[in-house]
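**Q** Using only what follows, build the 3D model:
(chains A and B)
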Number of protein chains: 2
Amino acid sequence: MGYKVCSESTYKALLNEYSNYVDMNLNIDIRRGRPATEQLNLSGAMLKVKSSDFIAKGTNADIRNYGLPKGLPEARQLFADLLGYSVDNVMIGGNSSLNLMYDIVANSMLRGVLGGDRWLDSAKIKFLCPAPGYDRHFKICQDLGIEMITVKMNADGPDMDTIEELVSTDPDIKGMWCVPQYSNPTGITFSDEVVTRMANLKPCCNNFRIFWDNSYCIHHLYPNDQDHVMDIVAACKEAGNPHMVYTFMSTSKVTFAGSGVAVVAASPENIDFLAKQFDTETIGFDKINQKMHVDFLKDPENILKHMERHAKIMRPKFNVVLKALKSGIRSAKVASWSNPKGGYFISVDVMPGCAAKVVDMAAKAGVFFTNAGSTFPYGKDPLDSNIRIAPTAVSVKDLALAMKVFCVCANIAAYEKCAK
Amino acid sequence: MGYKVCSESTYKALLNEYSNYVDMNLNIDIRRGRPATEQLNLSGAMLKVKSSDFIAKGTNADIRNYGLPKGLPEARQLFADLLGYSVDNVMIGGNSSLNLMYDIVANSMLRGVLGGDRWLDSAKIKFLCPAPGYDRHFKICQDLGIEMITVKMNADGPDMDTIEELVSTDPDIKGMWCVPQYSNPTGITFSDEVVTRMANLKPCCNNFRIFWDNSYCIHHLYPNDQDHVMDIVAACKEAGNPHMVYTFMSTSKVTFAGSGVAVVAASPENIDFLAKQFDTETIGFDKINQKMHVDFLKDPENILKHMERHAKIMRPKFNVVLKALKSGIRSAKVASWSNPKGGYFISVDVMPGCAAKVVDMAAKAGVFFTNAGSTFPYGKDPLDSNIRIAPTAVSVKDLALAMKVFCVCANIAAYEKCAK
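**A** Next up, the predicted model:
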């Protein structure tokens, strides 16, 4: 080519200049469109976090800027300590653990799981759904076109005989929902035997995952009578299934329901894998909210004290419900109910065939319960019996009135059912 | 059935009691496991938002609790006012507009769009990708298995002849990425003609969507020389394609890069549809962060003043880059570059075949530019020419040094290319 950018002597000077730059050991990163610190300072008045604390622990990263896809190091440490994990087992997300679950399900369908195929490469995708269970888990499956298989929920967890059989024989089963402690809605906690059997499952496909939604892991009602669930991450590792489980919790019912932080704990390899998938999906989670949580929650001991203050507010409400049921339900055939040691719900089984009617009658009287059926896949309770009571949000006075209405409706519905 | 819950007279008393409850016009909601106000108060110390302001405008909803899936009403109003829309055109998301885009793409694949089929029901899914463009848009497609079709980016927007032809003939084309104002990376703004032609596209499938990433809509560098892009939502409505476009912005480069709020504006029907899809995916977006933004940003006028303060910090940096290129690049054949009036980038086209080498040489000297090729689909610039410079994050001094290195590398690479 004839064209020359410059003379050969200029070229040699350029090479020399370049070599001087190399010798300077520079480290200047102008890869991404990140605002400068001075720009971040412009919005300082918005925040409560002390401005001296904007650098993430052990890093040079400004928590107000992009970066740190696995979350703020000090937040990862705090929740690792709380849950008994190493930092590399833990990733901190946004304000919704449900959102983490949904995204992981959707990404598993579209992009696959660590060491396993895309779920969409199966002819069908099925989930095991212990029920009664959490309606929002089931809604994720329903809206994503995942077939739900109902599994019976017992007093010590889901029926493991059924699960072992299905997981080892049906390669379309890609996942399972669990709320292992103070289960939504029945309030039971999985026994060590159930957890151990679950960790030792032998899935016949390479991309089966347990979604272990441990929402109520620190949500005890009574200081001296607490359930604790076995560590499924450790159990899976020991069973040779280290990557089979994702566990979740959040501070939605610790700090603010709409503005908490969500946590996923799993094998370090799974955490790396998830962080990489999420890196395509988001510019990172809100680290200022994570920082506010660390500053406020401080350490595991303080978190547990904080949870006792929640329990103190919640206990009278649970007691009002239980008392109302005991005095208002006219016979054991009209209804039976749970007596949970933690979590957010009391689960009532009214006379079979009566749940929808009870909820409907109560609604006509201005008292609104979760839709009958919603604790089962596809919103269909085969017995039309289960009703979930969520006592926390209203006052003790309103709750007492609501439960009077409930009992009257349950009694009437049962009477009319028997009269038929 | 022989069993009776109670005597007939008791039953009549129950009916009477029930009827009294109905007459009381109660309204007690114990559907969901929401914490009580007293429980939310437990974490009050975490926040800067005035505790008297916890009720969302025009509602009974506590902003700290679940609810309000389209976002805080006052935040919707603020961004509607800023962007010239009605409140019902606007939904406020979490901290990442990229996350909204990703989720909408994934949900369109798995669950469909308003009035249109699931994208996955097509044999193939393709996106039009004007390039040079935003690497993170392209990464979403790549990781979700969406085929990318590169479209030439001109000085007034993408090549509309190509787009009109492809969209009207290929039913597998489901979407298109656009950064219409101060485009990433070329800095150009779409002309009214381009916007009008885009709004008047005649897609041959029922589920084509434009992803209008208006990230830099208020990110002007010069108070008296600003670009403005035509309103695509209005244009689509007028063209009879009211639901064909989603527009996005965020405050990532207004307040905090990692902790801003994201906004999607579209037809009211699309907003309803999206809110319903997101309701399965999340418990709602962080309304406390939305509230902090409303309190801090106040009104559109104040936001624009705030943006001028950003511009004041950014202008010297853009000027340093432009000055360095002007003085350091030895001929027009070595490189040409953009001179944007806003946004976050300066786009440089070095001599074809030299971009990867320049970035590599600079990296060896400790100066890091966005990977060559990353502004094109699949990370492959067919000319190996485009390099994106992101000047904002570093100091003017470092930037000046970085640009000296850049120019030396560009000159050397061009010289060596010509010498071959």
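**Q** so where's chain A shaky on pLDDT?
**A** Scanning chain A for pLDDT under 70 picks out A:1-2, A:44-46, A:49-52.
**Q** do the helix or strand in which A:Phe278 is found and chain B meet at all?
**A** Following DSSP states H and E, one finds A:Phe278 within helix A:268-281. Yes - interface with chain B: helix A:268-281 contributes A:Gln277, A:Thr280, A:Glu281 (C-beta under 8 Å from any C-beta of the partner chain). C-beta coordinates here come from the backbone N, C-alpha and C atoms, glycine included.
**Q** Show me what from the stretch 151-300 of chain A comes close to chain B.
**A** By C-beta under 8 Å from any C-beta, the residues of the stretch 151-300 of chain A that approach chain B are A:184, A:252-259, A:277, A:280-289, A:292-293, A:295-296.
**Q** Show me just the buried residues among these.
**A** In those, burial by neighbour count holds for A:184, A:252-259, A:277, A:280-289, A:292-293, A:296, counting by 16 or more other C-beta atoms under 10 Å in any protein chain shown.
**Q** Select from those every entry located in helices.
**A** The members of those that map onto helices under DSSP state H are A:Gln277, A:Thr280, A:Glu281, A:Lys287, A:Ile288, A:Asn289, A:Met292, A:His293, A:Phe296.
**Q** How many neighbouring residues does the closest residue to A:Tyr21 other than its chain neighbours have?
**A** Leaving aside its chain neighbours, A:Tyr21 sits nearest to B:Ala365 (4.1 Å; criterion: C-beta to C-beta, 6 or more residues apart in numbering or on different chains). The tally of other residues near B:Ala365 (other C-beta atoms under 10 Å in any protein chain shown) stands at 24.
**Q** Please apply the same query to A:Tyr3.
**A** Using other C-beta under 10 Å, A:Tyr3 has 10 neighbouring residues.
**Q** secondary structure element for it?
**A** Assessed by DSSP H and E, A:Tyr3 sits outside every helix and strand.
**Q** Against B:Ala355, how distant is the closest residue to it other than its chain neighbours?
**A** Nearest residue to A:Tyr3, sequence neighbours excluded (C-beta to C-beta, 6+ apart): B:Cys418, at 5.4 Å. Per C-beta to C-beta, to the nearest Å, B:Cys418 is found 16 Å from B:Ala355.
**Q** picking that back up, greatest separation within the ones in helices among the buried ones among the residues of the stretch 151-300 of chain A next to chain B: which pair is it?
**A** Greatest spatial distance among those (C-beta to C-beta): A:Thr280 and A:Phe296, at 31.2 Å.
**Q** thinking again about what came up before, surely the residue nearest to A:Tyr3 is within a helix?
**A** Yes - using DSSP: H, G, I helix; E, B strand; the rest coil, the assignment for B:Cys418 is a helix.
**Q** what residues are up against it?
**A** For B:Cys418, the contacting residues are A:Met1, A:Tyr3, A:Lys4, A:Val5, B:Met351, by C-beta atoms under 8 Å, 6 or more residues apart in numbering or on different chains.
**Q** for the residues you listed, which one is nearest A:Asp161?
**A** Taking C-beta to C-beta as the measure, A:Asp161 lies nearest B:Met351 of those, at 70.0 Å.
**Q** List the residues that contact that closest one.
**A** Residues in contact with B:Met351 (C-beta under 8 Å, 6+ apart) are B:Lys333, B:Val334, B:Ala335, B:Ser385, B:Ala410, B:Ala413, B:Ala414, B:Lys417, B:Cys418.
**Q** show me where chain A has strands.
**A** For chain A, the strands identified by DSSP state E occupy A:28-29, A:90-92, A:126-131, A:147-154, A:157-158, A:173-178, A:209-213, A:245-250, A:262-265, A:335-337, A:346-350, A:367-368, A:386-389, in order along the chain.
**Q** how about the ones you listed, which one is nearest B:Val405?
**A** Of all the strands of chain A, it is strand A:28-29 that lies closest to B:Val405, at 8.2 Å by C-beta to C-beta.
**Q** could you say what helices and strands that closest one packs with?
**A** In this structure, strand A:28-29 makes packing contacts with strand B:367-368, helix B:396-419, judged by 3 or more C-beta pairs under 8 Å, 6 or more residues apart in numbering or on different chains; DSSP states H and E.
**Q** Paired strands for it, with orientation please.
**A** Looking at strand A:28-29 with DSSP bridges, its partner strands are strand B:367-368 (parallel).
**Q** mind saving the C-alpha coords of stretch A:283-299 as CSV?
**A** These are the backbone C-alpha positions of stretch A:283-299, laid out as CSV (Å, rounded to 0.1, in the frame of the first residue of the first chain):
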residue,chain,number,x,y,z
ILE,A,283,-26.6,-3.9,35.6
GLY,A,284,-26.4,-5.3,39.1
PHE,A,285,-28.7,-5.2,42.1
ASP,A,286,-29.2,-2.2,44.3
LYS,A,287,-26.1,-2.0,46.5
ILE,A,288,-27.2,1.1,48.4
ASN,A,289,-30.2,-0.8,49.7
GLN,A,290,-27.9,-3.7,50.6
LYS,A,291,-25.6,-1.2,52.4
MET,A,292,-28.6,0.3,54.3
HIS,A,293,-29.5,-3.3,55.4
VAL,A,294,-26.0,-4.0,56.6
ASP,A,295,-25.8,-0.8,58.6
PHE,A,296,-29.2,-1.4,60.1
LEU,A,297,-29.1,-5.1,60.7
LYS,A,298,-25.4,-5.2,61.8
ASP,A,299,-24.9,-8.9,62.7
